[in-house]
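Chemist: Here's a sequence, model it:
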Amino acid sequence: MVAFTLAAPVHSELLIKKSRFIGCVQPVADRAAALAVVAALRAAHPGAAHVCWALMAGGQSAANDDGEPGGTAGRPMMEVLRHQQLEGVLATVVRYFGGVKLGAGGLLRAYTDAVAQALLAAERLPLEARTLLACKVPYALEGVLRRELEAAAAELTQVEHGDAVVLRFSINTSGAEALVQQLGDVTQGRVAWIDGDVVDQDCSSAPQQRQ
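Modeler: Numbers count the residues shown, from 1 in each chain. Modelled structure (predicted):
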């Protein structure tokens, strides 16, 4: 099943029985980034009664009702993201209380609709699988490899300096084979491959070892 992320943040706003619901869906890298967004919203809306949120990000997924009755905000918001097959996406809803209680059912519909309305205008982008690779080369070839990785739009994640240089990086799976061939050519076969894993582009997911 193909997962998707979003191209950019998209907002919505609903007014239900005098309560104002300000929704937003946006791409985030991980839970730390999501919590930073939520903290910024709290600072920007000091008069809001609640800032509820839901994050779909692999093993870092979470939801928070922020004082609303349990199960009426964060979890329903997360289900909207899940239904849309989204990953690496944060949904937030800021509520200004209008003085009229909505009841559990009314709250569930309000928070769900705020997220769903924002998603109607959002551009979804497919997440391509990525391959994690590690190779070892002599010190003299470190600069060459760094330039080739940059040219191939690979993401260098770790460099270790010992008796030689170990570089760990990720690249879209569709370009992995060509990059392996290219690095072998430019180093005249002096690159030694250590291991490789396949993961989703969602950087919150843990690498899955090949069996």
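Chemist: What is the neighbour count of the nearest residue to residue 9 once chain neighbours are set aside?
Modeler: If you skip the residues right next to it in sequence, residue 9 has residue 26 as its closest partner in space, 3.6 Å away by CB to CB, 6 or more residues apart in numbering. All C-beta spots, glycine's among them, are computed from the backbone N, C-alpha and C. For residue 26, the number of neighbouring residues by other CB atoms under 10 Å comes to 21.
Chemist: can you give me the mean pLDDT across the helix or strand where residue 26 lies?
Modeler: Element membership for residue 26 (DSSP states H and E) is strand 19-27. Per-region confidence: strand 19-27 scores 98 on mean pLDDT.
Chemist: Distance from the chain centre to it, please.
Modeler: For strand 19-27, the separation from the chain centroid amounts to 18 Å (computed by CA atoms, centre = their mean, to the nearest Å).
Chemist: now the residue nearest to residue 9: how far from residue 91?
Modeler: According to CB to CB, to the nearest Å, residue 26 stands 8 Å off from residue 91.
Chemist: So what pairs up with the residue nearest to residue 9 in the strands?
Modeler: Listed by DSSP bridges, the beta-bridge partners for residue 26 are residue 90.
Chemist: Does it touch residue 10 like I think?
Modeler: Yes. When contacts are counted by CB atoms under 8 Å, residue 26 is listed as touching residue 10 (7.4 Å).
Chemist: which residues sit in contact with the closest residue to residue 156 other than its chain neighbours?
Modeler: By the measure of CB to CB, 6+ apart, the closest residue to residue 156 outside its immediate chain neighbours is residue 169, 4.7 Å from it. For residue 169, the contacting residues are 132, 133, 134, 149, 154, 155, 156, 157, by CB atoms under 8 Å, 6 or more residues apart in numbering.
Chemist: Looking at those, which are in strands?
Modeler: Within these, membership in strands is found for 132, 133, 134, 155, 156, 157, as judged by DSSP state E.
Chemist: Let me know whether the fifth one touches residue 171 as I believe.
Modeler: No. With contact defined as CB under 8 Å, residue 156 does not reach residue 171; the gap is 10.1 Å.
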